[in-house]
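A.B. asks: Have a look; sequence and predicted model below, questions after that.
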Amino acid sequence: PRDLLRRNGTVVRCQAGAERVALVIARDTDIRQPADFYRVLDVNKNGLLDRAELWLLQGYLKLWLPDGQTPAEKVSELPRDAAGAIGQDEFIDFWQKQLHPDYHEFLVINSSIAKPQNKDEAAFQQEHDYDSYVPLGRVQAVGTEWALPYLGTISCAFGSDPLFFFWDLFYTVVVAPGMCLLCHNAFLKCGYDLQASSRSRMNLIFATIILMSFNPLLYVCALLYISTE
């Protein structure tokens with residue numbers, strides 16, 4: 001996903017938890033590290049993660065990771081100072097040791113495509129920006145560059161009703177003779193005598209139908225519309 005994000009567009013499909021899938025917009029093409037996540041998680045900007053902020057972290061883990069309950073419980077067991085807070089070094093050490101390497105880098109998404117209603121909502125979103133950090137391991141797909149989705153849309157349109165019948169008929173008319181000749185030559189090279197019996201001719205027809213059954217043009221939209229890695 002990191003290379004695709006830098007090379008192509010900004011539409012991202014990611015998975016939260018075990019089941020929920022969301023289609024979101026990447027804010028930029030930068031990849032963040034745990035230290036960046038720590039800074040946005042430090043809501044009150046005192047340089048430490050206090051109890052309230054560690055509770056936010058536990059909720060974040062439960063939201064994004066399929067097994068988030070386990071690391072969330074480990075957060076509550078972390079050694080704290082007298083005020084119940086931890087520092088950046090302790091946080092990064094926990095993140096790198098307790099979480100899978102796929103979750104060691106982050107993509108930042110737009111939490112909402114709607115414009116904030118006022119400055120108060122904008123300030124709230126900025127203060128709680130930690131919720132927009134998505135571990136790269138939870139990214140399933142990144143949209144391709146702008147030209148390919150349009151080609152995919154056109155291909156899908158030609159591969160769907162009501163044009164499906166004419167599209168498939170055209171494909172059959174064009175491909176059937178070629179597939180029949182191909183099977184005929186293959187049978188002759190294998191020593192089949194197509195004039196000897198009706199069974200040999202039926203085998204030729206059957207092989208031709210099998211080769212014609214897969215129409216790759218109907219599936220090209222899937223290859224053009226989304227690139228995955």
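C.D. replies: Yep, it's here. None of these values were measured; they are calculated from a predicted model.
A.B. asks: Low-confidence ranges, this protein, go.
C.D. replies: 1-11, 17-18, 111-116, 143-168, 171-172, 194, 196, 211-229 (pLDDT under 70).
A.B. asks: where do the helices sit along it?
C.D. replies: Remark: helices assigned in the chain by DSSP state H are 2-7, 34-41, 51-64, 69-76, 88-98, 119-127, 147-158, 164-189, 198-212, 220-225.
A.B. asks: in the third one, what's buried?
C.D. replies: Meaning helix 51-64. 53, 54, 56, 57, 58, 60, 61, 62, 64 (16 or more other CB atoms under 10 Å). All C-beta atoms are positioned from the backbone trio N, CA, C, and that covers glycine.
A.B. asks: Adding distance to residue 109, write the helices of the chain out as CSV.
C.D. replies: What follows is those, written out as CSV (distance: least, CB to CB, whole Å):
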stretch, distance to residue 109
helix 2-7, 11
helix 34-41, 13
helix 51-64, 11
helix 69-76, 21
helix 88-98, 19
helix 119-127, 12
helix 147-158, 19
helix 164-189, 36
helix 198-212, 44
helix 220-225, 20
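A.B. asks: of the ones you listed, which approaches residue 110 most closely?
C.D. replies: helix 119-127 (9.5 Å; CB to CB).
A.B. asks: Return the distance of the closest one from the chain's centre.
C.D. replies: Chain-centre distance of helix 119-127: 29 Å, with CA atoms, centre = their mean, to the nearest Å.
A.B. asks: Contact partners for the spatially closest residue to residue 99 that is not a sequence neighbour?
C.D. replies: Spatially, and ignoring its direct neighbours in sequence, residue 99 is nearest to residue 71 (6.1 Å; CB to CB, 6 or more residues apart in numbering). Shown in contact with residue 71 (CB atoms under 8 Å, 6 or more residues apart in numbering): 61, 65, 98, 99.
A.B. asks: measure residue 71 to residue 47 for me?
C.D. replies: Distance of residue 71 to residue 47, computed by CB to CB, to the nearest Å: 23 Å.
A.B. asks: Could you do residue 96 as well?
C.D. replies: Taking CB to CB, one finds residue 96 at 20 Å from residue 47.
A.B. asks: count of residues packed around the closest residue to residue 37 other than its chain neighbours?
C.D. replies: Once flanking residues are discounted, residue 37 sits nearest to residue 133: 5.2 Å by CB to CB, 6+ apart. As a burial measure, residue 133 scores 19 neighbours (other CB atoms under 10 Å).
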